[in-house]
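Undergrad: this one's structure only:
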């Protein structure tokens, strides 16, 4: 399985986990994943000027670990798929919302 296929699977996994662990059905996120795949979806969300509604819903439920930003920031395997600016932006957004990303 290629790195992009692994990333797609990881993105679908955080959708599933958000539903199971946080009680959040991220239907728009699922639509984005289905239409655009994981990397394009992640880049769109990370590069947005403000956090997505899904990010906000997960924040309100105390589950920022289930956001795209956390998944990308906390797993060095994905770092090669993103620019340095995107990684900084994702980490900064998490910290602004009181979440300290775990670093391996």
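TA: Happy to help now that I have it. Since we're looking at a predicted model, the values are computed, not measured. Numbers count the residues shown, from 1 in each chain.

Undergrad: quick one: contacts for the one residue sitting closest to the centre of the chain?
TA: Nearest residue to the geometric centre of the chain (C-alpha atoms, centre = their mean): residue 68, 0.3 Å. Residues near residue 68 by C-beta atoms under 8 Å, 6 or more residues apart in numbering: 11, 14, 41-42, 45-46, 55, 90. For the C-beta atoms, the positions are set from N, CA and C on the backbone; glycine is no exception.

Undergrad: go with 10 Å
TA: 10-11, 14, 29, 38, 41-46, 52, 54-55, 58, 78, 90, 93 (C-beta atoms under 10 Å, 6 or more residues apart in numbering).

Undergrad: and what of residue 41?
TA: By C-beta under 10 Å, 6+ apart, the contact set of residue 41 is 7-8, 11, 29-35, 68.

Undergrad: Which helix or which strand is home to it?
TA: Using DSSP states H and E, residue 41 sits in helix 27-47.

Undergrad: Quick one: name whatever helix or strand follows that helix.
TA: Defined by DSSP H and E, the subsequent element after helix 27-47 is helix 53-60.

Undergrad: now that next one: mean pLDDT?
TA: Averaged across helix 53-60, pLDDT comes to 96.
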